[in-house]
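Trainee: take this sequence and fold it.
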Amino acid sequence: MKRGLQIVLGIVSLIPLTFAVLGVFGGASYFMPDGGYPAALDNQLRYLSAIYLLVSILLWYAIPNIERHGRLLSFVCLAIFLGGLSRLFSHSTVGPGLEAQFAGMILELGSPLLLLWQRVVARKAKPA
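Mentor: Now for the predicted structure:
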């Protein structure tokens, strides 16, 4: 059960890493390759993309001893979940984004399931 969670978190950690690299190095041109976006939007997107990198690093830190990092995973899942709620708000008020963004929203809104899984792993790891 622990190994499964570690593998899933390792795979999941690659998602924010990918978007961190794309966002930091590509900026808004990923979404608007012909330009026409304000510099402030590009700046903000690159900044937020760097935060994705932090999410990956925090997950990598927690993975080896995941049974002991419930609090850290709680904060990471909260941040991810709030991001999913923000995407849902955008989807509801502005309209749908890209299919990959919709898929990301579903994963983000489901992130508390990882936290529940971690709790089971932590409970099994405690000495009787």
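
Trainee: for this structure, which segments count as helices?
Mentor: For the chain, the helices defined by DSSP state H cover 2-26, 39-62, 70-93, 99-109, 112-125.

Trainee: pass me the low-pLDDT residue ranges in the chain, would you?
Mentor: The model of the chain has pLDDT under 70 over residues 128.

Trainee: which residues touch Tyr61?
Mentor: Going by Cβ atoms under 8 Å, 6 or more residues apart in numbering, Tyr61 touches 69, 72. All C-beta atoms are positioned from the backbone trio N, CA, C, and that covers glycine.

Trainee: measure it to Val76 for me?
Mentor: Counting by Cβ to Cβ, to the nearest Å, the separation of Tyr61 from Val76 is 10 Å.

Trainee: same check on Lys2?
Mentor: Relative to Val76, Lys2 is positioned 17 Å away (Cβ to Cβ).

Trainee: okay, the two: which has more neighbours?
Mentor: Val76 (24 against 16; other Cβ atoms under 10 Å).

Trainee: so the more buried one makes contact with Ile57?
Mentor: No: using Cβ atoms under 8 Å, Val76 is not in contact with Ile57, being 10.2 Å away.

Trainee: which residue sits closest to Lys124, ignoring its sequence neighbours?
Mentor: Met1 (6.6 Å; Cβ to Cβ, 6 or more residues apart in numbering).
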